[in-house]
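[1] Have a look; sequence and predicted model below, questions after that.
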Amino acid sequence: MRRPIAGVVLGALLVTSGVMIVASGAEPKVIHTRKTKDVVVTLLSESGQWTQGENAFALEFRSAATKQPIDVGKVSLSTSMSMPGMAPMLAGATLSPDKSPGRYTGTITFPDSGTRQVTVRWDGPAGTGVAKFSVAVR
Ligand SMILES: [Cu+2]
């Protein structure tokens, strides 16, 4: 049972960041938001973080100008972790469009914890784009 106060605080944070969550069972939490020139990309999951092992997650795309969801076409996400004395560890995900417009879901597996450099690419009617940011895998 979620404490109401936590829900209110989370709701306020999400409204502040311009993210609208459509409740479907457990509400996803924001892992990271990155604004590019035209598009705001938000990475979400049920727990609000990535952990070692398999992770289900969602990406939401909104117009930076209007805050409305946008269909960005084909979406991919790749991650890299540089480790001393070895080749970078790579992991990626192919995303599928969700029922809500501008929302995509996928899974990704991390063999270990550590900070990942994340690259999100999209290619569709609204043009191509890329967003890069880092996420700590717990
Ligand atoms: Cu590693």
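    Now that the structure is in, tell me what you want to look at.

[2] Which secondary structure state is assigned to the residue positioned nearest the centre of the chain?
    The geometric centre of the chain, computed from its C-alpha atoms, lies nearest to residue 43 (C-alpha atoms, centre = their mean), at 1.4 Å. Under DSSP: H, G, I helix; E, B strand; the rest coil, residue 43 falls in the strand class.

[3] which other residues reach the helix or strand encompassing residue 131?
    Per DSSP states H and E, residue 131 falls inside strand 127-137. Identification of contacts with strand 127-137 by C-beta atoms under 8 Å, 6 or more residues apart in numbering yields 31-32, 34, 36, 38-39, 41, 43, 49-52, 72, 79, 81, 110, 112-122. All C-beta atoms are positioned from the backbone trio N, CA, C, and that covers glycine.

[4] follow-up on the earlier one: list the residues that contact the residue nearest to the centre of the chain.
    30, 31, 32, 33, 57, 58, 59, 118, 120, 135.

[5] close enough to count as contact, the third one and residue 42?
    Yes - in terms of C-beta atoms under 8 Å, residue 32 counts as a neighbour of residue 42; the distance is 7.5 Å.

[6] neighbour-wise, which of those two wins?
    A side-by-side neighbour count of residue 32 and residue 42, using other C-beta atoms under 10 Å, places residue 42 first with 23 against 18.

[7] and the gap between that one and residue 115?
    Here residue 42 is placed at a distance of 19 Å from residue 115 (C-beta to C-beta, to the nearest Å).

[8] Point out the ones among the contacts of residue 43 that are inside helices.
    The helices, defined by DSSP state H, take in nothing from the contacts of residue 43.

[9] quick one: which of these is nearest the ion?
    Within those, the smallest distance to the ion is 13.3 Å, found for residue 135 (C-beta to the ion).
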